[in-house]
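# Provided below for reference: sequence and predicted model.
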Amino acid sequence: MDVGGHLAWGVRDTFLDYVTAIEDHRIEVDGARFDSDGGQFVFPLGDAVTGPHESVVRASGGVTFWGHEGALDLTIADPTVVLNDDGATLQVKAAGTELVVARLLGRPPAVQHGSPWHWSGVEVALTAQGADLWGGVYGPWARMAPLDLVVPAWTQPTAGQRAALSPG
Ligand code: HEM
């Protein structure tokens, strides 16, 4: 469901430069778009749900980076930001699974049910899983492109979501 709002992320400038310089490269978006002005992939928001212990912003769509006759074939999809007392993380679907690829640094603005919320220029640092996903070329804590989140309105979790949002 597209509720308006988006998650926008440029991944990493040097990575985009690298891929676009590969002779047979392809960069393909599916359900997302590339905003060439901002240099960001823009993923439409699925939902933004806030609960007592955790808030989750789910976006949809994916981008594939392909080259070297398919030796490089990296798709990241359905980026999701999870905010809780431990901070904020970015998860993506990649390599057939859900990975926590990065930590979002800095302090997110307070989240309030029913209110719009913007968190822009958020610093993104890879986790060990994220470092693996990019072939081990960047280390954990490597800085990626900043990320922007635009949430028109948060909703409260339904019963099923409530269980998923309250891990403890
Ligand atoms: C046949 C396979 C591959 C070849 C020949 C290859 C070759 C290269 C070369 C020559 C560079 C240095 C580019 C430069 O500094 O200008 C590079 C960088 C890089 N490669 Fe590959 N690569 C291959 C596969 C992969 C795979 C599977 C990944 C996994 C995602 C990957 C991720 C990267 C990354 C992240 C960089 C660093 C880009 C940056 O400067 O930020 N490569 N590769």
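Nice, I can see it.
# now Asp37, what's its secondary structure?
Three-state secondary structure (criterion: DSSP: H, G, I helix; E, B strand; the rest coil) places Asp37 in coil.
# Number of residues surrounding it?
Around Asp37 sit 6 other residues, with neighbours defined as other Cβ atoms under 10 Å. For every residue, glycine as well, the C-beta is placed using N, CA and C.
# ditto for the one 10 residues further on
Counted with other Cβ under 10 Å, the burial measure for Asp47 works out to 18 neighbours.
# In terms of secondary structure, what does the helix or strand containing it contact?
The secondary structure element spanning Asp47 is strand 40-50 (assigned by DSSP states H and E). With contacts defined as 3 or more Cβ pairs under 8 Å, 6 or more residues apart in numbering; DSSP states H and E, the packing partners of strand 40-50 are strand 6-9, strand 33-35, strand 54-59, strand 72-84, strand 147-151.
# mind checking how far the residue nearest the centre of the chain is from Val42?
Among the residues of the chain, Pro79 comes closest to the average C-alpha position under Cα atoms, centre = their mean, at 3.6 Å. Here the distance between Pro79 and Val42 works out to 11 Å (Cβ to Cβ, to the nearest Å).
# which neighbours do these two share?
Both Pro79 and Val42 are contacted by Leu7, under the criterion Cβ atoms under 8 Å, 6 or more residues apart in numbering.
# gap between Ser166 and Pro52?
Look at Ser166 and Pro52: by Cβ to Cβ, they are 7 Å apart.
# between those two, which one's more packed in?
Neighbours per residue, other Cβ under 10 Å: of Ser166 and Pro52, the larger number sits with Ser166, 13 against 10.
# how about the nearest residue to the most far-flung residue of the chain relative to its centre, chain neighbours excluded?
Relative to the centre of the chain, and counting by Cα atoms, centre = their mean, the farthest-placed residue is Glu23 at 27.3 Å. Nearest residue to Glu23 in three dimensions, chain neighbours excluded: Gly67, at 7.9 Å (Cβ to Cβ, 6 or more residues apart in numbering).
# how many other residues sit next to the one you found?
Counted with other Cβ under 10 Å, residues neighbouring Gly67 total 19.
# Among the helices and strands packed on strand 40-50, show me which one is buried the most.
For the helices and strands packed on strand 40-50, the stretch with the most neighbours on average is strand 6-9, a mean of 25; neighbours defined as mean count of other Cβ atoms under 10 Å.
# which other residues reach whichever helix or strand comes after that strand?
Scanning forward in sequence from strand 6-9 by DSSP H and E, the next helix or strand is helix 13-21. Here helix 13-21 makes contact (Cβ under 8 Å, 6+ apart) with Gly10, His25, Ile27, Gly39, Phe65, Gly67, Leu72, Trp134, Ala145.
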